[in-house]
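[1] With the sequence up front, the predicted model follows.
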Amino acid sequence: MLKDHQKRVRRIEVFTGLLFILLSLSYIASLLLDFKFVSLYATPQEDLAYLSEHVGNQGISSCAWMITSFLTLLSLPFYILVLWRHVKVLPLLNTLFILGAAAGFFLMARTGLDLRREMMVVLEEGLETSHEQLVASLMEQFRLEQFYRHIGSSCVGLFAVGLGAGKVWLRRIPLLSAILLILSGPVLVVFNWMEPDHLAHTAAMAGVIIGMALFCIRLINKGLGTKET
């Protein structure tokens, strides 16, 4: 009976590790497919013209973030199943961050799709006939989309800190993984709001993804072991 239970636990750990790797790949794909049409050096009309030429990319970007949102939400119960055996409070706290990330990316994707829908209407009517109020509405949609992005990415950073902090209770979490997650998480949150295009923000994202990958590899290969006290 005990051996069967251990086998079930290992299957859950392996599946959770693979799911989080898939989630990390989805996050990377969303970042690579991410589309921004607003430039500091362009007028609103020029931004609008650029969007009209790449409206398909806007849709692809939004769909990618929607998939990332779904995978983030899907990972939640498996994360709790894996960690709850070892730590009681921390997984519950990280649950809020996972939900926040999923909600942020979902709202970002939905706003992006709404923006694309409005842009299609503009293209049907003719870009040259669009008035300033419509341009302002599209720009507001873009700002709202970016706000939800900041929410989602910040929750990812906070989750990384919480996962790395689990090293205090779980010695089997790789030390390098814990260090990367604890250091990269706060940097990701800070630069996410201050200067998302800064190199430190990119480095922090890389640190979080690598830290997650190391954690997942450990989870898949050896698991977290028996319950530690």
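    Sure thing, it's come through. Numbers count the residues shown, from 1 in each chain.

[2] how about the top helix by length along the chain: buried residues?
    With secondary structure taken from DSSP state H, the chain has its longest helix at helix 89-125. Of the residues in helix 89-125, 90-91, 94-95, 97-98, 100-113, 115-116, 119, 122 count as buried by neighbour count, 16 or more other CB atoms under 10 Å. To be clear about C-beta, it is placed using only N, CA and C from the backbone, and glycine gets the same treatment.

[3] Pull the distance from the host helix or strand of residue 13 to the chain's centre.
    Here residue 13, judged by DSSP states H and E, is contained in helix 2-33. Its chain's C-alpha centre and that of helix 2-33 lie 16 Å apart, by CA atoms, centre = their mean, to the nearest Å.

[4] Give the next helix or strand downstream of that helix.
    Past helix 2-33, the next helix or strand by DSSP H and E is helix 44-53.

[5] Just list what that following helix packs against, helices and strands only.
    Judged by 3 or more CB pairs under 8 Å, 6 or more residues apart in numbering; DSSP states H and E, helix 44-53 is in contact with helix 89-125, helix 132-165.

[6] Just send those helices back as CSV, with mean pLDDT and distance to residue 181 too.
    Listed next are the helices and strands packed on helix 44-53 as CSV, based on pLDDT from 0 to 100; distance: least, CB to CB, whole Å:
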stretch, mean pLDDT, distance to residue 181
helix 89-125, 87, 11
helix 132-165, 87, 3
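
[7] what would the ones you listed look like in JSON lines with distance to residue 185?
    Below are the helices and strands packed on helix 44-53 laid out as JSON lines (distance: least, CB to CB, whole Å):
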{"stretch": "helix 89-125", "distance to residue 185": "10"}
{"stretch": "helix 132-165", "distance to residue 185": "4"}
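
[8] and residue 81, which of those is closest to it?
    Nearest to residue 81, of all the helices and strands packed on helix 44-53, is helix 89-125, at 9.2 Å by CB to CB.
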